[in-house]
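A.B. asks: heads up, no residue letters with this:
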């Protein structure tokens, strides 16, 4: 009896982007949800077919901007009112109109940093290793081939059934992706 090593998933290769998009639609219709597509260039239909309709990026950038705005104002308030109050010409210590430029700049700075680091975090980057790197043919995903991977952690995943399903979608052999 051979001991089967755990696999990451099954990988199907396609020659044309339209065939890939159709394969994704068929896989979703079969009930597969843990799948991903890899293409050498962006294809708008792929994200819709995979079900990527919502992103958390607007919330991340908004919260970063809010933190920057409140932090910039609080920093100036602390410096001018609490820590080192200087009464210049009888003006109030909390002169908020003079706080506007720094508050605005802090809002933009922290929102943009939140956007950059939020994007990296939500995309799971940096990713120095991925199980698909173990498949030799996957190197063509950056040149001229299109790939669909159904992950083994999908609740609908059955090794033989999924392999037969993918074999019916492509003319290339279906490859196992080792962990």
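C.D. replies: Great, that's in hand. No experiment lies behind these values; they were computed from the predicted model shown.
A.B. asks: hang on, residue 165 packs against residue 29?
C.D. replies: No - counting by Cβ atoms under 8 Å, residue 165 stays clear of residue 29, with 10.8 Å between them. No exception for glycine: its C-beta is placed from N, CA and C like everyone else's.
A.B. asks: Pick out whichever of these two has more residues nearby.
C.D. replies: residue 165 (20 against 8; other Cβ atoms under 10 Å).
A.B. asks: and the helix or strand containing the more buried one, what other elements does it pack with?
C.D. replies: Assigned by DSSP states H and E, residue 165 belongs to helix 159-167. Helices and strands touching helix 159-167, by 3 or more Cβ pairs under 8 Å, 6 or more residues apart in numbering; DSSP states H and E, are strand 7-14, helix 17-30, strand 146-151.
A.B. asks: how near is the residue nearest the centre of the chain to residue 157?
C.D. replies: Nearest to the mean C-alpha position of the chain, by Cα atoms, centre = their mean, lies residue 123 at 2.8 Å. Using Cβ to Cβ, to the nearest Å, residue 123 is found at 24 Å from residue 157.
A.B. asks: Check residue 177 too.
C.D. replies: Residue 177 is 12 Å from residue 157, by Cβ to Cβ.
A.B. asks: Identify the contacts common to these two.
C.D. replies: residue 9 (Cβ atoms under 8 Å, 6 or more residues apart in numbering).
A.B. asks: Comparing these two, which shows the higher neighbour count?
C.D. replies: residue 177 (21 against 18).
A.B. asks: Can you report how many residues lie near the nearest residue to the more buried one once chain neighbours are set aside?
C.D. replies: Leaving aside its sequence neighbours, residue 177 sits nearest to residue 8 (Cβ to Cβ, 6 or more residues apart in numbering; 4.2 Å). Residue 8 is flanked by 18 other residues according to other Cβ under 10 Å.
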